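Participant: Below is the sequence, then the predicted model.
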Number of protein chains: 2
Amino acid sequence: MSQRLLVIEDEPTLARLLSYNLTQEGYEVTTSDHGTTGFERAVQEPFDLIVLDLMLPGMNGFDILGKLRGKGIATPVIILTAKNAEEEVVQGLKLGADDYITKPFGVSELLARVATVLRRVSGVKEEAAPQTSDSAIRLGKLEIFPEKYEVLLGGTSISLRPKEFEVLLYLARKPGVVLTRDDLMNAVWGFDYIGGQRTVDVHVSSLRKKLELEPESVHIDSIRGVGYKLVINKGSAHHQPQ
Amino acid sequence: MSQRLLVIEDEPTLARLLSYNLTQEGYEVTTSDHGTTGFERAVQEPFDLIVLDLMLPGMNGFDILGKLRGKGIATPVIILTAKNAEEEVVQGLKLGADDYITKPFGVSELLARVATVLRRVSGVKEEAAPQTSDSAIRLGKLEIFPEKYEVLLGGTSISLRPKEFEVLLYLARKPGVVLTRDDLMNAVWGFDYIGGQRTVDVHVSSLRKKLELEPESVHIDSIRGVGYKLVINKGSAHHQPQ
DNA sequence: ATTTCATTGTAAACGCTGTGTAAAGTAACG
DNA sequence: CGTTACTTTACACAGCGTTTACAATGAAAT
């Protein structure tokens, strides 16, 4: 049984992005684009976690959070806030938020926070969590430990810089599947990041150099005109569909 | 139970093309060639998705989209826009569009987007399964994995270039059915692409060379004066009980 | 049959676009 | 300040798509 999330976010683009990615993760997502109605839903239905934008029409995020806690509703809350709003964060946490993310943020960062908060709150409950974002990923000779920021290739640790790590992590979560530069941008750099088109390429390039210790078993393929995919070669065996 | 689509598009050629192909896909398609009437239909009847051209007589796409969302109608919308109109896209997405396509676009691209949006909205979870994926096409010894950009022929991977891949994919979506060069042009190159008449032929030719590893089970037939069709021969040498 | 014309097959050439990557430039961090 | 990480820029190159030209095939007409 999947966990239920409520996303209170008015900007459609962001709301959709969040809804999409959280759903992909296996959560059951409800969205609300208005403060008042969002608050009402949060009161009426039981959610496992609420993602709450602080800037909202109708009723702002602080009010919602305050009133919820006032009513004794302890549903975990992650607040979304603008970059340079340290006070907002502090106030939000004082009102009982469980975590916060500043915009712009990467999708993978959000997923990690959501998973972390859920785990923290419900005790360790691995089975209930979907593809827990931060459990280890093992693909042939490649092992990724998100919570440790560590990658093993054939048993030996390789040191990746943060952005390289995240790119690899996102690729590794859908092995074999082509991800566009846009996908990777959204996941690693944030949904509204506006940057050069080649940034992803450069990171993939340096990632390749560090992965080529095991070129047979792990490598990143380019699909011209589309994007990149992580290719895993387990053992020397043939294809064994199952 | 098929899904209901509304296409709001004034250019007759394009409207017909969209209507035809979407109907072929199994959708129930309604078209409207005017902004005002299109909007009214969208308000009155429940649709699963709306394909909306932004340039329309009567009432432009932005107005329609804005008013729909204003009325609380959350039907998913894919907007059609000209190539060099980045702002239009941004504005459209802000108004609550779910996706966009820039003209010219290939029919297959549109079909893919429609399917994606519908799936996303209906909350079906997409799994990154290693070998099995619901979007995979299996025809005898031919297996196509669109999201991996990979084609297996008798279990071994064959490398196709992007255009070859798309041509094969489109042929494979209607195995045994003759598709005209025009069909393929529309699907792969875009509905208003203006190019030489022989381009399709050349791609089919090179595709044949790569497919002839299994000439018995998979090949492309020419129908003189008409077009091409993909022929699949199931049966021999494999576990086909009947 | 033989000729004639239209259609299709395909190799080769050309130009363009996307990609790899080094290196310079910029920001963050201590 | 010095170091590290990240981004942008620039340039070279490889791959791809399209066109072209000519060969091969098939159909229709005589």
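Facilitator: Nice, I can see it.

Participant: Just the element for residue A:112, please.
Facilitator: helix A:107-121 (DSSP states H and E).

Participant: Quick one: check that helix for contact with DNA strand D.
Facilitator: No: Helix A:107-121 lies out of reach of DNA strand D by C-beta under 7 Å from any atom of the strand, never closer than 12.5 Å. The C-beta positions use only the backbone N, C-alpha and C, and glycine is treated the same way.

Participant: Return the distance of the helix or strand following that helix from the chain's centre.
Facilitator: Under the assignment DSSP H and E, the closest C-terminal helix or strand after helix A:107-121 is strand A:137-139. Computed by C-alpha atoms, centre = their mean, to the nearest Å, the chain-centroid distance of strand A:137-139 equals 18 Å.

Participant: Sort out which residues of strand A:137-139 are buried, please.
Facilitator: Neighbour-count burial for strand A:137-139, counted by 16 or more other C-beta atoms under 10 Å in any protein chain shown, picks out A:137, A:139.

Participant: For the helix or strand just after it, which helices and strands make contact with it?
Facilitator: Using DSSP H and E, the helix or strand that directly follows strand A:137-139 along the chain is strand A:142-145. On a contact count with 3 or more C-beta pairs under 8 Å, 6 or more residues apart in numbering or on different chains; DSSP states H and E, strand A:142-145 meets strand A:137-139, strand A:150-153, helix A:162-173.

Participant: Would you mind saying which of these lies nearest residue B:15?
Facilitator: Residue B:15 lies closest to helix A:162-173 among those, at 39.0 Å (C-beta to C-beta).

Participant: so does the closest one get close to chain B?
Facilitator: Yes: if you take C-beta under 8 Å from any C-beta of the partner chain as the test, helix A:162-173 does meet chain B, through residue A:173.

Participant: Next one: that helix, is it in contact with DNA strand C?
Facilitator: No: Helix A:162-173 lies out of reach of DNA strand C by C-beta under 7 Å from any atom of the strand, never closer than 10.4 Å.

Participant: quick one: is that helix near DNA strand D?
Facilitator: Yes: counting by C-beta under 7 Å from any atom of the strand, DNA strand D is contacted by helix A:162-173 at A:162, A:163, A:164.

Participant: mind checking how far the residue lying closest to residue A:168 once chain neighbours are set aside is from residue B:216?
Facilitator: Excluding its sequence neighbours, the residue lying closest to residue A:168 (C-beta to C-beta, 6 or more residues apart in numbering or on different chains) is residue A:207, at 5.8 Å. Counting by C-beta to C-beta, to the nearest Å, the gap from residue A:207 to residue B:216 is 42 Å.

Participant: hang on, the earlier thing: could you point out which of the helices and strands packed on strand A:142-145 sits nearest residue A:65?
Facilitator: Of those, nearest to residue A:65 by C-beta to C-beta is helix A:162-173, at 29.2 Å.

Participant: buried sites along that closest one?
Facilitator: For helix A:162-173, a neighbour-count test (16+ other C-beta under 10 Å) marks A:163, A:164, A:165, A:166, A:167, A:168, A:169, A:170, A:171, A:172, A:173 as buried.

Participant: tally of neighbours for the nearest residue to the third one once chain neighbours are set aside?
Facilitator: What it means is residue A:165. Nearest-residue entry for residue A:165: residue A:149, 6.0 Å, with adjacent residues in sequence omitted and distances by C-beta to C-beta, 6+ apart. Residue A:149 sits with 13 neighbouring residues when counted by other C-beta atoms under 10 Å in any protein chain shown.

Participant: gap between residue A:149 and residue A:23?
Facilitator: 27 Å.

Participant: Over to residue A:113?
Facilitator: Using C-beta to C-beta, residue A:113 is found at 17 Å from residue A:23.

Participant: re the thing from before, is it correct that the residue nearest to residue A:168 is in contact with residue A:218?
Facilitator: No: counting by C-beta atoms under 8 Å, residue A:207 stays clear of residue A:218, with 10.5 Å between them.

Participant: got the end-to-end distance for stretch A:68-76?
Facilitator: 11 Å (C-alpha to C-alpha, to the nearest Å).

Participant: buried sites along it?
Facilitator: Within stretch A:68-76, the residues scored as buried using 16+ other C-beta under 10 Å are A:68, A:73, A:75, A:76.

Participant: what does that stretch contact?
Facilitator: Stretch A:68-76 has contacts (C-beta atoms under 8 Å, 6 or more residues apart in numbering or on different chains) with A:39, A:42-43, A:46-50, A:77, A:95-96, A:98, A:117-118, A:121.

Participant: biggest separation within the residues you listed, which pair?
Facilitator: Spatial extent of these (C-beta to C-beta) is set by the pair A:39 and A:118 at 21.3 Å.

Participant: Okay, now the sheet partners of the strand or helix carrying residue A:7, with direction.
Facilitator: Element membership of residue A:7 [criterion: DSSP H and E] is strand A:4-8. Here strand A:4-8 has these sheet partners by DSSP bridges: strand A:28-32 (parallel), strand A:49-53 (parallel).
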